[in-house]
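Enquirer: Just a sequence and a predicted model for now, questions to come.
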Amino acid sequence: MNIPSITHKVAISSVIFLVLGAAGVRLHIFNFQIGLLLFSLAGLLSFICICASALFTRRVQSLRGRRQLSQASIIALPAIIFFGLSLYRGAGSPLIHDISTNTERPPQFIMAVQQRSPSDNRLEYTDRNRQIQQQAYPDINTIPTLLSVDAAQKKALDIAESIGWKVEYQERGHIEAIERSFWFGFTDDIVIRISETSSGSMVDIRSASRVGEGDLGVNARRIRQFTQLYLK
């Protein structure tokens, strides 16, 4: 068995699966479950390659074989890095995909309802979701501000644009935007509600993924980022 040659080919396969998974989802060639399966397979193959390189590099007698193993470990790095980062960032995240600063009266979507397909996640904020979110993300709450509704809305729009959200719809006291994930291009819908109070206004934000039961904590991180910028 030519272990260096096999390891080298497996490393190349890991890169192919990594790119194919992302391209297939982005181009709507297949659904996101297949893309995630290919992504996981790329991570597994890259892990096998790196382990094989570490185990056999010193045992292989030929210079060519040692070079193949070294090259395989380098080729396999992208897949293991992307896969490892995804696991790290999503570690401990609850299996929900809809996060709101107001869990009792979450902001409602208008434009996103029309943009979502029947196969996408529903936009109903459920009691189960509420209970899990309150336990997992107790720090995510309504943002109070002394600004008027119009001033608070302008600030929210400026922040949304500065962090790369694409604003899809707005009216007074209501903003909707989307953001796509870097690798697969998954779309998340965001709605911001600005309500008038006796001392100014309050800002609520909700972020919901279109696909997937869990979001690896992406929606919570997005709301935290917005909140931190808004309170500066």
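Expert: Perfect, thanks for sending it. All of these numbers come straight from a predicted model, not from anything done at the bench. Numbers count the residues shown, from 1 in each chain.
Enquirer: Contact partners for residue 143?
Expert: For residue 143, the contact set (Cβ atoms under 8 Å, 6 or more residues apart in numbering) comprises 101, 202, 203, 204, 205, 227, 230, 231. C-beta here means a position set from N, CA and C on the backbone, and glycine is covered the same way.
Enquirer: mind giving me CSV with these and columns for pLDDT?
Expert: Rendered in CSV, the data for these read as follows (pLDDT from 0 to 100):
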residue, pLDDT
101, 98
202, 98
203, 98
204, 98
205, 98
227, 98
230, 98
231, 96
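Enquirer: Buried members of those into ChimeraX, please.
Expert: This is how ChimeraX selects the buried members of these, with burial counted by 16 or more other Cβ atoms under 10 Å:
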select :101,202,203,204,205,227,230
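Enquirer: so is the residue of the chain positioned farthest from its centre in a helix, a strand, or just coil?
Expert: Of all residues in the chain, residue 61 sits farthest from the chain's C-alpha centroid, using Cα atoms, centre = their mean; the distance is 44.6 Å. In the three-state summary, residue 61 is assigned as coil, counting by DSSP: H, G, I helix; E, B strand; the rest coil.
Enquirer: hey, where'd the strands end up in this structure?
Expert: 98-100, 143-145, 166-171, 174-180, 187-197, 200-209 (DSSP state E).
Enquirer: Tell me which of those strands sits most buried.
Expert: strand 98-100 (a mean of 26; mean count of other Cβ atoms under 10 Å).
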